[in-house]
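Trainee: Got a predicted structure plus its sequence, pasted below:
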Amino acid sequence: MKTLYLIIPCAPLVGAILAGLMGRAIGRAGAHWITILGVAISFVCSVLVMQDVLAGNTFNGTLYTWMEVGGLKLELGFLIDRLTAVMLIVVTFVSLMVHIYTIGYMAEDPGYQRFFSYISLFTFSMLMLVMSNNFLQLFFGWEAVGLVSYLLIGFWYTRPTAIYANLKAFLVNRVGDFGFLMGIGLIAAYAGSLDYATVFAKGKELATITEVVTGWPLITAICIGLFIGAMGKSAQFPLHVWLPDSMEGPTPISALIHAATMVTAGIFMVSRMSPLFELSDAALSFVIVIGAITALFMALIAIVQTDIKRVVAYSTLSQLGYMTAALGASAYSAAIFHLMTHAFFKAVLFLGAGSVIIAMHHEQDMRRMGGLRKYMPITYATVLIGAIANAGLPPFAGFFSKDSIIEAVQLAHVPGATFAYLALLAGVFVGGFYSFRLVFFAFHGKERFRDAKHDDHGHDADHDDHGHHGSVEPHESPWVVTLPLILLAIPAIASGWLIGPMLFGDYFGGAIVIGDNHHAVAHMKEHFHGVIPMILHGLTSVPFWLAIAGASTAWFLYIRRPDLPAVIKQRFAPFAWALEKKYGFDDFNDWFFAGGARGLGRGLWKAGDQVLIDGLAVNGSASLIGRFAGVVRRLQTGHLYQYAFSMLLGVFVLLTLWLGRS
Amino acid sequence: MNSYLLSLAIWVPILGALPILALGSERRDAVRWLSLAVAVAGFLVTLPLYTGFDRAYVGMQFVELAPWIPRFNVQYFLGVDGISVLFILLNAFVTVLVVLAGWQVIEEKIAQYMAAFLIMSGLMNGIFAALDAVLFYVFFEASLIPMYIIIGVWGGPNRVYAAFKFFLYTLLGSLLMLVSLLYLFLESGGSFNLLEWHQLRLAMQPQVIVFVAFMVAFAVKVPMWPVHTWLPDAHVEAPTGGSVVLAAIMLKLGAYGFVRFSLPILPDASHYLAPMMIALSLIAVVYIGFVALVQADMKKLIAYSSISHMGFVTLGFFIFNQLGVEGALVQMISHGFVSAAMFLCVGVMYDRMHSRQIADYGGVVNRMPKFAAFFMLFAMANSGLPATSGFVGEFMVILGAIKFNFWVGFAAATTLILGAAYTLWMYKRVVFGDVGNSHVAELEDIGAREFLVLALLAAAVLAMGIYPFPFTDIMHASVDNLLKHVAVSKL
């Protein structure tokens, strides 16, 4: 079995190394075959692992000892349980689809091999992250996926926006990692181990300790530290700022990294840490509030975006907020369940958006699209499926997972749960609206790409303008693009039906621990009687009607009365402005953090190093010695009579002193 | 058991330099190949130090003892423990790289250039191996001379100021150290034996005075804030090879002084003054991190980054736990690889463009993709990315610091953000983007020799990041012993 586990991450790694180092030798086709083969092997092995864990087996073992120091044993190893198995399937399946899709999407790109190398390297890193049995390897994977994300956002390294976005993404993630490392450090200091099982076993003990220096309750400090890491990686408010900008990367990675897998690492991590988080209501309360803020307020930004990828990006932020809120409600299984369904339907949305972008010759502005459904029926159908799932309408996957989250949050008792419930409900309306707005805006209505040429000048110029639009009829993408779309659309519809076993069955077993006083999920279980009754019940529930209301509003505004959005925008100009400015976070961060750090650095350098240390102390003492020497030098004139005179003076003084003594 | 390995490590490069000087700079190829042969031989003789090292034994190994100046009880006394042995290997390894890096770049006085590096390498091995205080002092001071010459002769336009600043700064510290050594000689009843000094009982007041005197000497070398300002100037003016040795090895001498002298000889003063040392280290990490952010000159930026990274070393020593001390030692070795690599990368670009200004670059990746890939790896190592050596030491010290005091760890961990910010922001401006100007457009990618140098370092950086066990395993016994020793008062 251990060999099988080892093959899962290593197959993509081998692919990445070969495609990366020998890209020229193996050629473009060689690069995509070898990496696809690697990920395919990984996927097949993951399915085998899934079968094995379903048979009731788990594995927790060491790979090798990384280091041993001061009683702290740091090892690399695998923990294979049901939580890991879900993640393995999701990661390798989406990754495989994205690999195939990339053949079509990047067909003309000169960095073809490099791209395949990176996405395979990413797959390796992500797999190491989810398979880890300790905090060290978790941190390894954590930073490694951040590195690959950095490389991929800046894949088109000549674009100023791309290399701005990748630096921003890395640094914001580092802020999160800072908190993460603090959490890990506290664990190492107080539990004396970084091994999951050992630390979890000591959880109860840790919960009674107060941190010596700060006086904080230890377990809360640990959990909040770890969660700050999750906030960076899973783009939770206020560390969400990097994710929308990450759309500068090629679309396949937006689907793989910035929607389906990497950004869910934080959700996975908190679920994995459920034995710790369950011990701190304060931390859970923090988690649920942050999640709810992200879910609602990021969804609101999505409604004013006109870049098709950015709409999906803000939608991702909002959905991540839902997952986080579920974590705060102790509904870890619901969070992971939504993570899974979301991975499928959001990958569909992103890859569908990418398909549109190819058809429109790298045009991303929906104001220059419209009426595309005639030309790209497969893309249209799959995006529609993704949108319905995203809006949370039955019987599509998103319905089951989102509805469970809302119900769990409603039943939660940690402080802030009521606020979170209301925010999530409001988010459902907004979600229904922006999902269908995207569909109607891009695929229905007038074919605006035809007259794009005429009003080109009126539009904002911040998009890459290849000058193609309007010249060629849009057409459906090749099969390498549509096949992954279809294969992903199937679970986007059907994966929700697994709700019975995954949420309310005993699927997760011991992988997720829930405290005695947190029984939201247990409570929901009592009312669950199967998929069909849940759908029927859903049809009479508030979230369903809110989503329908959102969708109808989108229909009214973008199909029935397309003139209205502009009027509304004018009427509510301050709100629209705030949303378009994304509440001003980017400007504030640029001014305060980036500008402030540079100002501080310059101040310390000029005032500290140059004026005080070098100017005053170093060169100052040098010039002081110089001046002193100058004075002394004046005495040495070289004139004999002066020397003779001073000698005489000296003799006189010495004599006087000597005589005076005796 | 008598061994000659340490003497070989010291004298092979020094004596090997003599025929190179004799060859003269006219016969360039002969000089280059002979220098490489000497450097490689110097490296090979150090390998048995690692393979033959007894990891269980806490004392000094490969000991050599002979009288030198019997009148003052001065001995030719060499030996290494788990703390010092790796630095000799690192030094010998870096010397090979430096010879390779100077291959075609240095055209003037190449024989003297190569000889200076080889002699310096031998002398620095002497510092790490010396167990007699006078021997240590002689090596310590003598190693200044080749570096002074390297900066002063092969340096940039402002080299004389920089060389002078470097020399005076370090000499000032050394004088105070000499006084302390003489004091300890008298106190110990006429011994310069370091191991005997480790057992010497001293009252608090003399301990503190001697500690401060040592501190001045070692802090200048590290360099610690606020005696660090010579380093950016020295780096900017030094030729690439000079910067590499300066950053990779010479800075370690000060830190090594702390573990070999200050901590074991003056444990009570070390504990008493630890808060000050920790404060200065944290200032180095944070303050210098901000200063590095705004540098316009790449070498200055990396120099400041070096100071910031060395802050982790002094921090690790003075939190007195195993994670801290071993982390500091690991950080020293890793910094040897990473800073050497960073300076070599700047050197590669400087050789082509004759500029170190970030603003003169942009879009280097378009012309030099292979180089950009290496530079990326080293930039990430400099930012402390896991699976590179840069992570290991920082991680250990941060964990140790959190154990010691949460806020100390908190301040130290800001390097996660600052280090990434200054390194990657520089990388972005230099490497990414469209081709910045016509000079960048003419750049040629690295050749086989440069590739070899960078690949060797890349292998070292990755190996240490992925499997640091062999590096730390060798230290355990000695560090354990040191910590036990420091925990016992000598009052």
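Mentor: Yep, that arrived.
Trainee: Kindly list the longest strand within chain B.
Mentor: Criterion DSSP state E: the longest strand present in chain B is strand B:61-69.
Trainee: Tally up the residues packed near residue B:452, please.
Mentor: By the criterion of other C-beta atoms under 10 Å in any protein chain shown, residue B:452 has 13 neighbours. (Glycine included, C-beta is placed from N, CA and C.)
Trainee: Now whatever helix or strand comes next after the longest strand of chain B - C-alpha only, CSV.
Mentor: Downstream of strand B:61-69, the first helix or strand assigned by DSSP states H and E is strand B:74-80. What follows is strand B:74-80, C-alpha atoms only, in CSV (Å, rounded to 0.1, in the frame of the first residue of the first chain):
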residue,chain,number,x,y,z
VAL,B,74,51.4,28.9,22.9
GLN,B,75,50.5,25.7,21.0
TYR,B,76,49.7,24.6,17.5
PHE,B,77,46.5,23.1,18.8
LEU,B,78,43.9,22.1,16.2
GLY,B,79,40.6,20.1,16.5
VAL,B,80,37.0,20.2,15.4
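Trainee: Check the average confidence over strand B:74-80, would you?
Mentor: Strand B:74-80 carries an average pLDDT of 90.
Trainee: Check stretch A:221-233 too.
Mentor: Throughout stretch A:221-233, pLDDT has a mean value of 93.
Trainee: Run the chain-centre distance for it.
Mentor: The chain centre lies 13 Å from the centre of stretch A:221-233; the measure is C-alpha atoms, centre = their mean, to the nearest Å.
Trainee: Then stretch A:432-440?
Mentor: The answer for stretch A:432-440 is 23 Å, by C-alpha atoms, centre = their mean.
Trainee: outside of it, which residues touch it?
Mentor: By C-beta atoms under 8 Å, 6 or more residues apart in numbering or on different chains, the surrounding residues in contact with stretch A:432-440 are A:299, A:302-303, A:308, A:311-312, A:314-315, A:349, A:366, A:383-384, A:387-388, A:390-393, A:546-551, A:553-555, A:557-559.
Trainee: Any of those buried? List them.
Mentor: Buried members of the contacts of stretch A:432-440, scored by 16 or more other C-beta atoms under 10 Å in any protein chain shown, are A:299, A:302-303, A:308, A:311-312, A:314-315, A:349, A:366, A:383-384, A:387-388, A:390-393, A:546-548, A:550-551, A:553-555, A:557-558.
Trainee: In helices, which of those residues fall?
Mentor: Using DSSP state H, the members of the buried ones among the contacts of stretch A:432-440 that fall in helices are A:299, A:302, A:308, A:311-312, A:314-315, A:349, A:383-384, A:387-388, A:390-391, A:546-548, A:550-551, A:553-555.
Trainee: anything in stretch A:576-592 near chain B?
Mentor: No - Stretch A:576-592 lies out of reach of chain B by C-beta under 8 Å from any C-beta of the partner chain, never closer than 12.7 Å.
Trainee: now the end-to-end length of that stretch.
Mentor: End-to-end span of stretch A:576-592 (C-alpha to C-alpha, to the nearest Å): 24 Å.
Trainee: Same question for stretch A:147-163.
Mentor: Terminal residues of stretch A:147-163 are spaced 13 Å apart (C-alpha to C-alpha).
Trainee: Quick one: mean pLDDT over that stretch.
Mentor: Averaged over stretch A:147-163, pLDDT sits at 90.
Trainee: which residues are contacting it?
Mentor: By C-beta under 8 Å, 6+ apart, the list of residues contacting stretch A:147-163 reads A:111, A:114-115, A:118-119, A:121-122, A:125, A:165-167, A:169-170, A:173, A:245-246, A:248-250, A:253, A:257-258, A:262, A:462, A:464, B:363, B:365-366, B:376, B:380, B:385, B:424, B:428, B:431-434.
Trainee: and it, how far from the chain's centre?
Mentor: Put simply, stretch A:147-163 sits 15 Å off its chain's centre (C-alpha atoms, centre = their mean).
Trainee: same deal with stretch B:413-420?
Mentor: 21 Å.
Trainee: Briefly note if it comes near chain A.
Mentor: Yes - using C-beta under 8 Å from any C-beta, a contact is recorded between stretch B:413-420 and chain A, made by B:413, B:414, B:416, B:417, B:420.
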